[in-house]
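Enquirer: Got a predicted structure plus its sequence, pasted below:
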Amino acid sequence: MAYEVPARVRENAATPIHDLDRYREHWSRAERDPDAFWLAVTKERIAWRKEPTQGLEGSFHTIADGPLSWFGDGELNVTESCLDRHLETQPDKVAILWEGDEPSDVRKITYRELHAEVCKAANALKELGLEKGERAIIYMGMVPEAAVAMLACARIGAIHSVVFGGFSAEALRDRVRDCEAEVVITQDWGLRGSKTIPLKNVVDEACQGEAKVKKVLVVKRTGDEVGWTEGRDVWWHDAVDSASPEHAAEIVPAEHPLFVLYTSGSTGRPKGVVHTSGGYITYTSYTHATVFDLRPDDVYACVADVGWITGHSYIVYGPLANGATTLMFESIPTYPDAGRYWDMVARHGISIFYTAPTAIRVLAAQGEEPVKKHDRSTLRVLGTVGEPINPEAWEWYYDVVGEKGCNIVDTWWQTETGGIAISPIAPATPTKPGSATYPMPGIIPSLRTPEGQVLRGPSQGLLCIDHPWPGQARTVWGDHPRFVATYFNHVPGAYFTGDGCRRDEDGYYWVTGRVDDVLNVSGHRMGTAEFESAIVSVDACAEAAIVAYPHPVKGQGVYAYVVAREGKAIDKAELQAACRKEIGAHARIDRMQIVPGLPKTRSGKVMRRILRKIAEGRGDELGDTSTLADPGVVEAIREGAVTSDD
Ligand code: PRX
């Protein structure tokens, strides 16, 4: 069944795309002449110092020769689009609406104030010795200074790399090393759901012996005690508060890197995905305004974390480029109770709300009462991102939260795509629960067989994108061959997303999830290889294989098959601790099975397909196991399969 556009959304639709015919016209225009389409978009939306005349240079066919370029002869500083130009038109509009861990802790930062703060922080970072092109790691909770730090780096042409505040010291050290950071920006302690998180102490552990890190800039959030390294550590209030509120932005070429964001893949350590300036800000601004039907008086709330791409693109860069009021939320959806989101909607008059399916499922399990007791009549558009949304969760969001009056936008995209790639456009697209509907203008998806053949019409296959778009990642930090091998070797000439997808008879896309060894647990992307390496770091473990199984709340759960070393006993708590230490607090094994061996082919390759089936409770549908070296192992695994979470 398809849902027509609800009344609240249709009224006053003033964006350039407000019906399906308009959408189709824009999509065709972008397909026919991408350069003309995107040059027009960027000139309309972005404050360039030198307007570009070039569109795309390079192609997916020649990507091995070097990164693509968009708007190559243009020059800008993205913070002028996010801040300076709004000073002329709306200096007193709230830019960042911050809600702290306690509902009473609210800060409203206007564009004028944000501009001054960013300039001060930019001057302070320069003073600390951070130069254009150098890297700064940002390891913080959701405080306004996290956004200020990102923008301040961008202002001076430095490259930020935000690391989610849940990652462990080891994971942080890997990232500090990989991007050779000169500066780390953090806070004393984080605060979430009344719990404190020792951010500065984790930074200290991560940076021990890392001589390259010259300065650690520390925001005071809780005032609780932290370790201090004289000469290296600097309080934010000492360095920033007294700095000048004026700063001339460093003007950079369009392809100057804006940030590196680490994300997990099928193999090896997380990759530093690189996004650049002109294309990224164009794409995030365009998609943010278009998908959400953004209007000048909207109060826009994305409750993600700046540690992930959603926070970069749709809390900070897209909304600020569009001069919107954007919420930053420090807490969790269930603190102090399950009505927190809706209480915020009522208190702040939020009109656009963007969250993840896992949060919707957690809240739906608490019933309707915590939703209904808060006034949600200001809501118009409800977004979801991060994982496939099951139709039941979609219906609950639509019926209970939105009272059947809001448009649901199920936005499919990835760290690598930079911005939303497949999604309904709020006023234009009739929706179907569980489908991300149609591609954005400029996105040309294809479904393929594993051999790369294009499937036409209704079909199911591997989701690829056939033509470059301005917001896409350009490379992997320090390793362009890895970028090419990861995304462009499966199907020469096309970008491979790693997702499976179905297209129905109306041309609607239904993304089914990863087809590679990437896990998506509560919207957190993690690699099986990272888990496995953490587990085998425990002495008693000889081997491990991790697979996902469907989980009613988290989307996917983590199932570990572990082989003990001869004569050793496995302590499950020790394995959990190893995952927490190597990856972070969000890396938890849900089900663990000690097995006598792993099913392998005669050439020694672990047959994950079999392990996946058993973890999914489909051990009687294993299909052909004749290539196994030792079929007896499978029988033993099947018999001992774990069917309930730890
Ligand atoms: O599998 C897809 C899933 O999340 C992956 C990307 O994860 P990440 O890079 O962490 O970015 C998440 C936020 C953009 C994708 O490969 N995914 C994301 N959104 C959806 C989705 N799967 C289905 N439907 C979605 N709306």
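Expert: Arrived safely, thanks for sending. Residues are numbered from 1 along each chain as shown.
Enquirer: Residue numbers of the stretch 201-350 of the chain in contact with the ligand?
Expert: Residues of the stretch 201-350 of the chain lying close to the ligand by CB under 6 Å from any ligand atom are 263, 308, 309, 310. Every C-beta, even on glycine, is put in place using the N, C-alpha and C of the backbone.
Enquirer: between those residues, which is nearest residue 534?
Expert: Nearest to residue 534 among those, counting by CB to CB, is residue 263 at 17.4 Å.
Enquirer: Assign a three-state SS to the residue nearest to that closest one when sequence neighbours are not counted, would you?
Expert: Nearest residue to residue 263, sequence neighbours excluded (CB to CB, 6 or more residues apart in numbering): residue 415, at 4.2 Å. Secondary structure for residue 415, judged by DSSP: H, G, I helix; E, B strand; the rest coil, is coil.
Enquirer: what's near enough to touch residue 415?
Expert: Residue 415 sits next to 261, 263, 273, 308, 309, 473, 525 when contact means CB atoms under 8 Å, 6 or more residues apart in numbering.
Enquirer: Let's see which of these end up in helices.
Expert: Members of those lying in helices (criterion: DSSP state H): residue 309.
Enquirer: thinking again about what came up before, neighbour-wise, which one of the residues of the stretch 201-350 of the chain next to the ligand leads?
Expert: Using other CB atoms under 10 Å as the neighbour criterion, residue 309 leads those with 27 neighbours.
Enquirer: how much space between the closest residue to that one other than its chain neighbours and the ligand?
Expert: Of all residues beyond its chain neighbours, the one nearest residue 309 is residue 415 (4.3 Å), with distances taken as CB to CB, 6+ apart. Applying CB to the nearest ligand atom, to the nearest Å, the value for residue 415 to the ligand is 3 Å.
Enquirer: quick revisit: so which of the contacts of residue 415 is the closest to residue 343?
Expert: residue 308 (23.9 Å).
Enquirer: so what's residue 162 closest to, chain neighbours aside?
Expert: Counting by CB to CB, 6+ apart, the residue nearest residue 162 is residue 138, at 4.5 Å.
Enquirer: correct me, but that neighbour touches residue 163?
Expert: Yes - using CB atoms under 8 Å, residue 138 makes contact with residue 163 at a distance of 7.1 Å.
Enquirer: Which of the helices or strands spans the residue of the chain positioned farthest from its centre?
Expert: Distance from the C-alpha centroid of the chain, by CA atoms, centre = their mean, peaks at residue 567 (42.8 Å). Using DSSP states H and E, residue 567 sits in no helix or strand.
Enquirer: Relative to the ligand, how far out is it?
Expert: 40 Å.
Enquirer: Give me the pLDDT for that residue.
Expert: Listed pLDDT for residue 567 reads 94.
Enquirer: quick revisit: any chance of CSV for the contacts of residue 415, columns pLDDT?
Expert: As requested, the contacts of residue 415 are exported to CSV (pLDDT from 0 to 100):
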residue, pLDDT
261, 98
263, 97
273, 98
308, 98
309, 98
473, 98
525, 94
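Enquirer: burial measure for residue 28, as a count.
Expert: 12.
Enquirer: on that earlier part again, look at the residue nearest to residue 263 and report its pLDDT.
Expert: pLDDT, residue 415: 98.
Enquirer: What is the neighbour count of residue 405?
Expert: That count, for residue 405 with other CB under 10 Å as the rule, works out to 14.
Enquirer: Quick one: residues contacting it.
Expert: The contact partners of residue 405, by CB under 8 Å, 6+ apart, come to 6, 7, 8, 9, 379, 380.
Enquirer: From the ligand, how far off is the residue nearest to residue 162?
Expert: The gap separating residue 138 from the ligand is 17 Å, by CB to the nearest ligand atom.
Enquirer: Check residue 164 too.
Expert: Distance, residue 164 to the ligand, using CB to the nearest ligand atom: 10 Å.
Enquirer: before we move on, what about residue 247?
Expert: 31 Å.
Enquirer: neighbours of that residue, just the number please.
Expert: Residue 247: 22 neighbours (other CB under 10 Å).
Enquirer: which residue is nearest the middle of the protein?
Expert: residue 309 (3.0 Å).
Enquirer: Surely it is in contact with residue 420?
Expert: No - using CB under 8 Å, residue 309 makes no contact with residue 420, being 10.7 Å away.
Enquirer: list residues touching both of those two?
Expert: Here residue 309 and residue 420 share the contacting residues residue 413, scored by CB under 8 Å, 6+ apart.
Enquirer: So the residue nearest to residue 162: helix, strand or coil?
Expert: Applying three-state DSSP: residue 138 is strand.
Enquirer: contacting residues around stretch 589-606?
Expert: 531, 543, 545-546, 549, 551, 554, 557-564, 570, 572, 575-576, 579, 607, 610-611, 615, 625, 627-630, 633-634, 636-637, 640-642, 644-646.
Enquirer: Make a ChimeraX selection of whichever of those turn out to be buried.
Expert: Buried subset of the contacts of stretch 589-606, written as a ChimeraX selection, criterion 16 or more other CB atoms under 10 Å:
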select :531,543,545,546,549,551,554,557,558,559,560,561,562,563,564,570,575,576,579,607,610,611,615,628,633,634,637,641,642
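Enquirer: List the ones among the contacts of stretch 589-606 that fall in helices.
Expert: Among the contacts of stretch 589-606, DSSP H puts 531, 572, 575, 576, 579, 610, 611, 615, 633, 634, 636, 637 in helices.
Enquirer: Correct me if wrong: the last one contacts residue 613.
Expert: No - with contact taken as CB under 8 Å, residue 637 and residue 613 are classed as non-touching, separated by 10.4 Å.
Enquirer: residues from the stretch 501-646 of the chain in reach of the ligand?
Expert: Within the stretch 501-646 of the chain, the positions adjacent to the ligand are 511, 513, 514, 520, 525 by CB under 6 Å from any ligand atom.
Enquirer: Apply 5 Å and report the result again.
Expert: By the rule CB under 5 Å from any ligand atom, the part of the stretch 501-646 of the chain lying against the ligand is 511, 514, 525.
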